[in-house]
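>>> Compute the structure for the input listed below.
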Amino acid sequence: MEVKTDTKEKFHVITVPGSVLSADRAANMAVLFETITASPVKNVILNLKEVSEIDEPAGEILVKTQQKFYDQHASFVICEMQKKVEEFLDKLKLLELMNCTPSESEAWDIVQMEEIERELLDDSTI
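Numbers count the residues shown, from 1 in each chain. So this is what the prediction gives:
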């Protein structure tokens, strides 16, 4: 699966090329995401700025993937979703289950805040 990956100190920014995110492409990305959760930098920002069409199974895979990240104490934030994709996922009641931001910089902020929360929670259990 061809994606653009930009690794920062605390997260990876994955940009999906092309206008369609199908179930097959989302499933292939889920495999990539599993390898990321095993790496030292576990958090992912998924940039969907180029995606103008998504199918229902792909949306469901993104929701399940996000949950897997949070179950493993890592962040998964989707950003720059086109209005058409957002409306489609909202109609399916999937959007409300996703951690989404309008911009990549806001997604960075969420990941960093969640990292701080996790660190504080880890410190409070000592």
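>>> so how far is Val51 from Glu34?
Distance from Glu34 to Val51, counting by Cβ to Cβ, to the nearest Å: 21 Å. The way it works is simple: take the backbone N, C-alpha and C, and place the C-beta from them, glycine included.
>>> Mind checking which of the two has more residues around it?
Val51 (22 against 13; other Cβ atoms under 10 Å).
>>> ok, that one touching Thr15?
No. In this structure, Val51 is not within contact of Thr15 by Cβ atoms under 8 Å, at 9.6 Å.
>>> And for Lys10, the neighbour number?
14.
>>> And it, its phi and psi?
phi -110, psi -10 (degrees, to the nearest 10).
>>> Look up how far Lys83 lies from Leu21.
Taken as Cβ to Cβ, the span from Leu21 to Lys83 is 15 Å.
>>> And the two? Which one has more around it.
Leu21 (23 against 8).
>>> contacting residues for that one?
Leu48, Val51, Glu53, Ile54, Asp55, Ala58, Val85 (Cβ atoms under 8 Å, 6 or more residues apart in numbering).
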